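Trainee: what follows is a protein structure lacking sequence information:
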């Protein structure tokens, strides 16, 4: 038997404006931002110690986690860092990033609208000049 501490992740949801992503149109995308690791379970595990890549089912929490990193602790046990997300924060930074990304999307859509109008005007000018040349050479 050995002492074990199992660490999970605390993350924050943030938003960003994506104007080109493969074949998708411009959009607001959410992503996770890592904040810190926190202990969410500790106890005794049977030997041999778990290895990186192993899975662990924590019975009292009814969750399965994958071991990403492992280290020997000074108390003779092991600390395991996992892929488990303990908490996904949505705070002031989340709200600010969302409003900023939405503003950038609106600005980009406005820019595209103005550009289409300019192209339309240029096409009209070209067609008028083409008609003049056609009539001149006729």
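Mentor: Nice, thanks for sending it over. The model shown is predicted, which means the values in this text are computed figures rather than measured ones.
Trainee: what count of nearby residues applies to residue 81?
Mentor: Neighbour count of residue 81, defined by other CB atoms under 10 Å: 18. (Glycine included, C-beta is placed from N, CA and C.)
Trainee: equivalent analysis for residue 114, please.
Mentor: Neighbour count for residue 114, taken as other CB under 10 Å: 10.
Trainee: likewise residue 41?
Mentor: 19.
Trainee: assign a three-state SS to it, would you?
Mentor: Reduced to three states with DSSP: H, G, I helix; E, B strand; the rest coil, the structure at residue 41 is strand.
Trainee: quick one: contacts for the residue most central in space within the chain?
Mentor: The centroid of the chain falls nearest to residue 31 when counting by CA atoms, centre = their mean (2.0 Å). Residues in contact with residue 31 (CB atoms under 8 Å, 6 or more residues apart in numbering) are 13, 14, 15, 16.
Trainee: for the protein, what spans make up the helices?
Mentor: Per DSSP state H, the chain carries helices over the ranges 92-137.
Trainee: lowest-confidence helix or strand of the protein?
Mentor: helix 92-137 (a mean of 77; mean pLDDT, DSSP states H and E).
Trainee: what's the distance between residue 9 and residue 34?
Mentor: From residue 9 across to residue 34, the span is 6 Å (CB to CB, to the nearest Å).
Trainee: cool, and residue 19?
Mentor: Taken as CB to CB, the span from residue 19 to residue 34 is 25 Å.
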